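>>> coords please:
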Amino acid sequence: MPDATPLDHADAMIERAWGLPIAELEKAAVRRPVEDPLLRAAMHSRSSLIIVSNSVAVHQDRLHALTRPGHVPAFYDLDRITDSAIALRTAYAESNTALQTIRHIVEARETALTSEDRAAVDHRQEAATARSTRTPRPLGLPAGHPAPPAATGPHASAVNRR
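Have a look, this model is predicted:
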């Protein structure tokens, strides 16, 4: 992708992270913003990137028109050329910032998914540890011997009182 624009890179990152085409993700971000706030943020940054990409194209065209081959700029054109170059450079910087924002959002999503998986594993380990250490050991047994199994039937003193 040597000729890929920042918008193309952003689309590829977002599609790879969420596993759906951009068109579907745009609809999902508008319909269900509460379900996936990171998707909403990524699509908001993408819309900003679209605007900035259009600005880059306009400033590039203007700069190319002012500096076309065989054209000698007039004195008053020098300020326009300088202003267009500055605006183009600013638009490129804004484009890179929007792309970096999307990259951070995608990384945050991956981190959140990884930490959710890790939290689920930790929760299962804590539950298993709590179950295994819950049965008290009789006072007379040494630490190396396991506790006797708990009774599974109803307790003898439990009587149905109707």
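>>> elements contacting the stretch of helix or strand Arg118 belongs to?
Using DSSP states H and E, Arg118 maps to helix 75-134. Packing partners of helix 75-134 (3 or more C-beta pairs under 8 Å, 6 or more residues apart in numbering; DSSP states H and E): helix 6-18, helix 37-66. Placement of C-beta: from N, CA and C, glycine included.
>>> Could you give the backbone dihedrals for Pro33?
phi -70, psi -20 (degrees, to the nearest 10).
>>> For it, give me its contacts.
Residues near Pro33 by C-beta atoms under 8 Å, 6 or more residues apart in numbering: Arg40.
>>> quick revisit: same list, the helices and strands packed on helix 75-134, but as a markdown table with mean neighbour count and mean pLDDT please.
Shown next, in a markdown table, are the helices and strands packed on helix 75-134 (neighbours: other C-beta atoms under 10 Å; pLDDT from 0 to 100):
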| stretch | mean neighbour count | mean pLDDT |
| --- | --- | --- |
| helix 6-18 | 17 | 93 |
| helix 37-66 | 17 | 93 |
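>>> out of the ones you listed, which comes closest to Ala108?
helix 37-66 (6.2 Å; C-beta to C-beta).
>>> where are the low-confidence patches of the protein?
Scanning the chain for pLDDT under 70 picks out 1-2, 121-122, 124-162.
>>> switch to 80 and redo it
Regions of the chain meeting the criterion pLDDT under 80 cover residues 1-3, 32-34, 71-76, 115-162.
>>> quick one: Arg62 from Arg118, how far?
51 Å (C-beta to C-beta, to the nearest Å).
>>> With Pro21 instead?
Taking C-beta to C-beta, one finds Pro21 at 29 Å from Arg118.
>>> wait, which of the helices and strands packed on helix 75-134 is closest to Thr101?
Per C-beta to C-beta, nearest to Thr101 of the helices and strands packed on helix 75-134: helix 37-66, 4.6 Å.
>>> Fine by me, thanks again.
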